[in-house]
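J.: Quick one: sequence plus predicted model below, questions after.
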Amino acid sequence: MYPSWSSPLRGGRNLRRERIEEISAADFFYRNRAIAGFDNPVRATYTIVRELVENSLDAAEEAGVPPKIMITMDRVERRENGSDLMRISIRDNGIGLSADEIPRAFGKVFTSSKYRLIQSRGTFGLGGTMALLYGQITTNRPFTISSAKKGDYINRMTMMIDVQKNEPIVIKREVLGIAERSFTAVESYFEGSYARAKRKIIDYLYQTAIVVPYADIMFVDPDGVVFLFPRSTDEMPPRPKESLFHPKGVDLELLQRLIRASRANTVKGFLKTSFQRIGDKTADEVLAIAGIPADKKLRDLRKEEIEALYNALRSYDKFMAPDHTVLSPLGKKLLEEGIKKELRPDFVYAVQRPPSVYEGHPFIVETAIAYGGDIKPAGEIQLYRFANRIPLLYDTTADVSYQVAKGINWSNYGIRSLEEEPIALFFHIVSTKIPFKTVGKEYIAAVPEVEREVELGFRTCARELKLYLYRIRRKESLAKRAFLFRRFYEIVAECVEDITGERPSVETLLKMRFGDLYEGAGEGEDNSGGEEG
Amino acid sequence: MYPSWSSPLRGGRNLRRERIEEISAADFFYRNRAIAGFDNPVRATYTIVRELVENSLDAAEEAGVPPKIMITMDRVERRENGSDLMRISIRDNGIGLSADEIPRAFGKVFTSSKYRLIQSRGTFGLGGTMALLYGQITTNRPFTISSAKKGDYINRMTMMIDVQKNEPIVIKREVLGIAERSFTAVESYFEGSYARAKRKIIDYLYQTAIVVPYADIMFVDPDGVVFLFPRSTDEMPPRPKESLFHPKGVDLELLQRLIRASRANTVKGFLKTSFQRIGDKTADEVLAIAGIPADKKLRDLRKEEIEALYNALRSYDKFMAPDHTVLSPLGKKLLEEGIKKELRPDFVYAVQRPPSVYEGHPFIVETAIAYGGDIKPAGEIQLYRFANRIPLLYDTTADVSYQVAKGINWSNYGIRSLEEEPIALFFHIVSTKIPFKTVGKEYIAAVPEVEREVELGFRTCARELKLYLYRIRRKESLAKRAFLFRRFYEIVAECVEDITGERPSVETLLKMRFGDLYEGAGEGEDNSGGEEG
Amino acid sequence: MKELVREKIIQVARKVKEDIDKGMFPELVYPPNSKANIKFLEEKGYLFEPKSFSTISGDRVKSLRTLSGVLYGLSRALDHLENGLTMTKRDFYYLHKVQKFKGTLFPKEQRETDARIILMELLLGMPREAFSITSDPRGWIYGDIELIDRSGRLIKANEVGEMGYSVPPRPENITFKRIGVKAVVAIEKVGPAKNMIELGIPEEKKIGIAILQGQASRNMRRFLRMLSDEGVPIAVLTDLSPWSLRIAATVVYNSINSAHVDGLAVPEARFIGIKTDDVEEGFFSDYKFALEPLTQMDYKAAEDNRHLPNLQAPIWQKENNWFLEKKMKAELEIFKAMSPSAKDLKKLYVEYLSMKLEEALGISI
Amino acid sequence: MKELVREKIIQVARKVKEDIDKGMFPELVYPPNSKANIKFLEEKGYLFEPKSFSTISGDRVKSLRTLSGVLYGLSRALDHLENGLTMTKRDFYYLHKVQKFKGTLFPKEQRETDARIILMELLLGMPREAFSITSDPRGWIYGDIELIDRSGRLIKANEVGEMGYSVPPRPENITFKRIGVKAVVAIEKVGPAKNMIELGIPEEKKIGIAILQGQASRNMRRFLRMLSDEGVPIAVLTDLSPWSLRIAATVVYNSINSAHVDGLAVPEARFIGIKTDDVEEGFFSDYKFALEPLTQMDYKAAEDNRHLPNLQAPIWQKENNWFLEKKMKAELEIFKAMSPSAKDLKKLYVEYLSMKLEEALGISI
């Protein structure tokens, strides 16, 4: 789409003839927007919705209120080349921003550089800012942010981003009165194409509604169609806690940053206060391996010593498994709630597996199975996947959960064919580090530890489904059995009479054995009638 | 591999509890090294070689001398987890750097922000700096650059990069005497794994040797094995020219930057001096569409006017096709040279197609076919692909050239099966914007214009191959024919005698028809003998 | 017959000799079995009417190989004929697997020599059976028919075993002595045919039963034609399936593959079912539940049938369209589904045959 | 025979009646044709020696369906038997396609009713032919053999046509009147067998020729066994191929599929080739160029042969290993490659047969 000029970071040395400029983070994104999901108008339209919705979900959860999000998209000007001038506005009930905070939050590409670990919606995510930046560079129009904390003045700012400097430019600032409740509203123009992005967007919102059942989402699309995803509960899962890094999860660069940020005096103090799972004894052992005295002043650590410390942390193998309280799974009840809300199944069962660990990262798997209701046989496995509460829409068949589902012998659970019955599977993984297989972050790799959890999860759900199916089927089959016995014994009687000339008293036998059930055995055609031995 | 902490740019608004930091370009790469090809030690080892080699090739071509590159890789320390502490050093004869230039060239992630268009080695390429940065963050060791222009003092600097600030830190600087010729040498440590990267690296160097036949490359691998790829020619293709952007190839952000950088007074002047293919008449027409007076001062352009200008440029459909002199194909002779050098075929024919255009980007396709020599039948299509003089090693079957090769009926060219004969195909595309299909940049999309050029290229080569095969086969077949005639007529004679009792005089017939050739018809078994009618 | 074949073969060889002796590359001219040379007439079936001709010439290797191959084949055919021997196609293939032919006529696959057999048929204008190349025989005739076979023995086709007389590969060697049947019913399947014999229907109703056992073999078609030439009315009774339509049509019209061979069609024969009318409103209309669904292969065959020249007449296409529409077929075993007790079977067969023979051939049994 | 069958069937039905009248769910006990009940003895072939037994019980739907199906099958078999009728497996399938069986015995596929036939064989301890279920017959016998067939007519197996006598589906109905042959050679392929007949070898050398036409059918195996029981030495002549080994072994030992059926093995029969020794250093050793390569299917068959119980003896495994090693096969048509001119063919056949019959059976011809 863009000339190779946008391949920006050739570290070549053709200094002679060219002016060299440092590149800002915003500029980098501008030049590499494809990797962030903005490579064409269709994909960009979808990515903008997704980034802004996740931003809003985060803001509401941060505020501790069930999210309420309203999205409106219009076609402002139809263009010939298929990508139109679009406007999107989104309003949420999340934590509001003060006048100072607005430009910083939306006016530059930035990061929160906390030195702690917490579960976050882990898309490739460049946040709402990238969505706004994309709008700016395709339309040259400013975007507008309105926001307030409850009871404060509402600030409304019209802004642009200076891409080369990565600085917000506030074009206009208005104060609009007192806010009755906290909120943030964003309005932005962009060049996009709704028609082909529509299915993706609706799919995304629908699946988000499943995994965030406590959210109210409304989407008015450019054709004026309103999509409503009302919440079914006010209950929210507990917020994830923050925790220190596990020593196995750091690299050298991060170690150095932690050292710089630490207020500890000694190296030992640093270890104990900057990491989880390091107490006195462990710290001593690690330092012994590194050959560093325990009372060494942190500020005096030489480069070689830092490296030695790093290698010691890597080779030490007695750390306890990482803390999983940083994780925030949805929970059995909420997951079932979300599924019931959107699919209205006759049966649903969810399970939350106990925390587990892979490569030093804690994770929790949740699975569910639903049957009947709005679920119809689809001729393929119906599998909904989520990672850190975000739907995964593509490459289903490459996902570990799909492979696991394929590998299970479902007939053991009374299911003839997963593809041909009204069954939907659900898989949710939360982790501080989701094991995505690719940069595209659309599917989970077949990490053995994860595989195991998914399989155990599916099997637990399947056992419940089996019981359910057994109950509903048993009732049908009892009556059918008596009916079939009567018919088969009629044949037996006729054939025996045909061969021997005498009819056996099958009626007596059946009455004796079935009693009333035999009398009442219903009619009704059936072509299978059991299998040959 | 890394905790979600490294998902850096969540534009969330949880400002309350966290310190916000701007992120530098270097920091961004540190946090997202996977997308640059550094996602695991194996891939990183390969990417480091590739980035440094390309850097050196660029440097030598910039200096106008045939590249001479020597790479050495050692295993400094074997580690248990399979990724060892490695050292790489690479020395080239490219344009040397002055003491000032070294830190800038290698000590920060940067870009050349020229406002012009030129063909460049268009990998995803983050340049040598990224390779060095990767080394630093995995080993915490500095890297060393030695360089000089011919006749100047040699500077040797030991450096690191301050990732958060994106600044070079020069740890030690030495001056080593006068350089007899320009050169640059880089030495760096990194955590890598050679064993599994080896095939990739050798493949890459081998194919580079084909497409850069004027380069001398030597690689001493960690096992002490020396791989030599000597140059076969001193001739180099002409350097690509720089040119202005074609008006169809710019977006709004770029347009604004061009405006800022322009020294023109009026908008019309700006259009004429900042773009190719815009003269007086075209500029007037574009400005008329945009509704901007031709003598409007450039500095006075309002935002709305810039947008109108942008839309005018996009909707105007009478621009001439873009200038292709910016492209630097290899040329028939050099391509054949490169192939001969590495594959020593019995026959080779290359063709350079005339320039063509897709979506506003000029491109040139070069193709070649080689037969025999070191090429052996492989049971699959042997296809070498290059883009802007860089080998494409993966996903061959998805490439447009593979599809084209598959689609051609090769039997028309006397080739029974492309897979079963000693044939290699070559495809090189140069463009200011290579139409890669994916971010991975490993294969070319099936753009119709490109497809057409590839097909015409292959067909031209195939016709030459057909002539060659015809000549060598004809000689064999003449003798064989006389021999077969003699044998078949012997059967005819016997059978006729068998049926009629009289033998026809076939000897006379054959002598009459074949003369001496019949006499001399050699022996030699043959099981095919022609096909049934 | 034998003399005629011999003469023809010698004539071909002599032509080759003359050309060579004149110093010319020898040429053999023959009418290819191409579309242009094959006509289809509803009242006669496939007819081979050569209008265009091809040449096998000794001037190019490929063609020369064919020429020498044909001459070799003819020399072997003559040899077998004169020694009273037959050979199969596989035998003919092996006749080429001779050491001295390595590099010339030694075949890679039987396909090569099979193609040459057809060429020989075309060159001589005779079926391959005439020059000793026969297939494994298939089919029997049962009934009051007396004939004299190749060995000169008198054979009564209802006294040589419960299947009847095995029709030999070359029925041309047979002469009829006495024919005591009103008609012959050629039946696709062994089971129903055998049941009719077991029930004494041939004797009682004075009909002959020809058991085709699937697609009618060349020997069986030739034999039926010979019976027809003797004035015996022939009826064809098959399943109602896309394949069976072909079986019936092949008996009546010959097939495209052997269209260049005379004497394999029985244009006077009549197809007596099972027909769609029988299923829809006739004899079997109460037994639709016993129909079988078409398999994918069956359906494909029905689609192909739409373009077969010998099925173009409306009566055939009507039957065929039924398959495409209903995706069902009816098999002759349906009689068993109608009469699970054996007592009724004879009545059903006789009823059906009476009706059909009357209707199609005007014969009362 | 018929009486015995009838008695057996009535016995089964009566057992069911008694159970029911006692107020019990009826049960039928039979010996399954499982591995445990089948023995293989080199000198006898497959033997069915029931040690374990299974029960068909009327207390579960699935098993009840089988029970009623078997009883229905037995009632139809009896009916056919008493009316002198046979049926094919397909016929048997159609006997179930009856309106009133919808939802009970109406079959989805023929496989269901085929399985029931085997169950009936096991229950009655008799081959299906005994209770009227026959297959399409395959195979002929030619030679100086006089027999009386089902109809009571005298048949001379060298006077009923050039193929000989069509061996019927139930040879049990045959009695031999006079046997004038020293031995019978059962030949896999029609072509070579027919050539031997055409060359007058049966008359001249006083041997019978049984034409198997591929894998030996049940009727042919039964017929050969009957000849063997009459004291006629039997020789088996096949291709040298993985499939042909099975053909020969099936004649000698019976096959695993019909191992529960008595009277189908001819343990006294001897395999007379083509053998690997003939190819490697014997009769055909100069004609290795005429061997054919194994196809993939052939090779797969040879691999499977390594595990077939009736090919475990070293003499068979030796042959089979040759395929795996050489990846070649030899066909009976190789005689044609040895004698492109018909004159020599008779000499070759006679030479080969003399040698082999002498060697294998001690018979001079």
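T.: Okay, I see it.
J.: From what I see, C:Leu122 and C:Val261 are in contact.
T.: No: contact criterion Cβ atoms under 8 Å: C:Leu122 and C:Val261 do not qualify, at 9.6 Å. Every residue, glycine included, has its C-beta placed from N, CA and C.
J.: Neighbour count for these two, which is higher?
T.: The residue with more neighbours, out of C:Leu122 and C:Val261, is C:Val261; 25 against 21, by other Cβ atoms under 10 Å in any protein chain shown.
J.: tell me which element the more buried one falls in.
T.: Element membership for C:Val261, per DSSP states H and E: none, as it lies in no helix or strand.
J.: how far away is it from chain B?
T.: 20 Å (Cβ to the nearest Cβ, to the nearest Å).
J.: Please report how far that residue lies from C:Ala130.
T.: 9 Å (Cβ to Cβ, to the nearest Å).
J.: Likewise for A:Thr282?
T.: 100 Å.
J.: Which of those two has more residues huddled nearby?
T.: Taking other Cβ under 10 Å, A:Thr282 and C:Ala130 do not tie; C:Ala130 has more neighbours (21 against 18).
J.: Where do the helices of the stretch 301-450 of chain A begin and end?
T.: For the stretch 301-450 of chain A, applying DSSP state H, counting those that start in this stretch gives helices covering A:303-315, A:332-343, A:400-407, A:448-500.
J.: among these, which is nearest chain C?
T.: With Cβ to the nearest Cβ as the criterion, chain C lies closest to helix A:448-500 of those, at 8.6 Å.
J.: now the helix or strand just after the closest one, how far from the centre of its chain.
T.: Going down the chain from helix A:448-500, the next helix or strand is helix A:506-514, by DSSP H and E. Distance of helix A:506-514 from the chain centroid (Cα atoms, centre = their mean, to the nearest Å) equals 59 Å.
J.: worst average pLDDT in the helices of the stretch 301-450 of chain A?
T.: Among these, helix A:303-315 has the lowest mean pLDDT, at a mean of 86.
J.: tell me the mean pLDDT for stretch C:105-122?
T.: Here the average pLDDT along stretch C:105-122 is 95.
J.: Output it as PDB - backbone C-alpha positions only.
T.: Below are the C-alpha coordinates for stretch C:105-122, written out as PDB (Å, rounded to 0.1, in the frame of the first residue of the first chain):
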ATOM      1  CA  LEU C 105       7.800 -54.200 -30.300                       C
ATOM      2  CA  PHE C 106       8.300 -55.200 -26.700                       C
ATOM      3  CA  PRO C 107       5.300 -53.600 -25.000                       C
ATOM      4  CA  LYS C 108       5.300 -51.500 -21.900                       C
ATOM      5  CA  GLU C 109       1.600 -52.100 -21.200                       C
ATOM      6  CA  GLN C 110      -1.100 -54.300 -22.500                       C
ATOM      7  CA  ARG C 111      -2.900 -51.100 -23.700                       C
ATOM      8  CA  GLU C 112      -0.400 -50.900 -26.600                       C
ATOM      9  CA  THR C 113      -1.200 -54.300 -28.000                       C
ATOM     10  CA  ASP C 114      -4.900 -53.900 -27.300                       C
ATOM     11  CA  ALA C 115      -4.900 -50.800 -29.500                       C
ATOM     12  CA  ARG C 116      -3.300 -52.800 -32.200                       C
ATOM     13  CA  ILE C 117      -6.100 -55.400 -32.000                       C
ATOM     14  CA  ILE C 118      -8.600 -52.700 -32.900                       C
ATOM     15  CA  LEU C 119      -6.400 -51.600 -35.800                       C
ATOM     16  CA  MET C 120      -6.300 -55.200 -37.000                       C
ATOM     17  CA  GLU C 121     -10.100 -55.300 -36.900                       C
ATOM     18  CA  LEU C 122     -10.300 -52.100 -38.900                       C
END
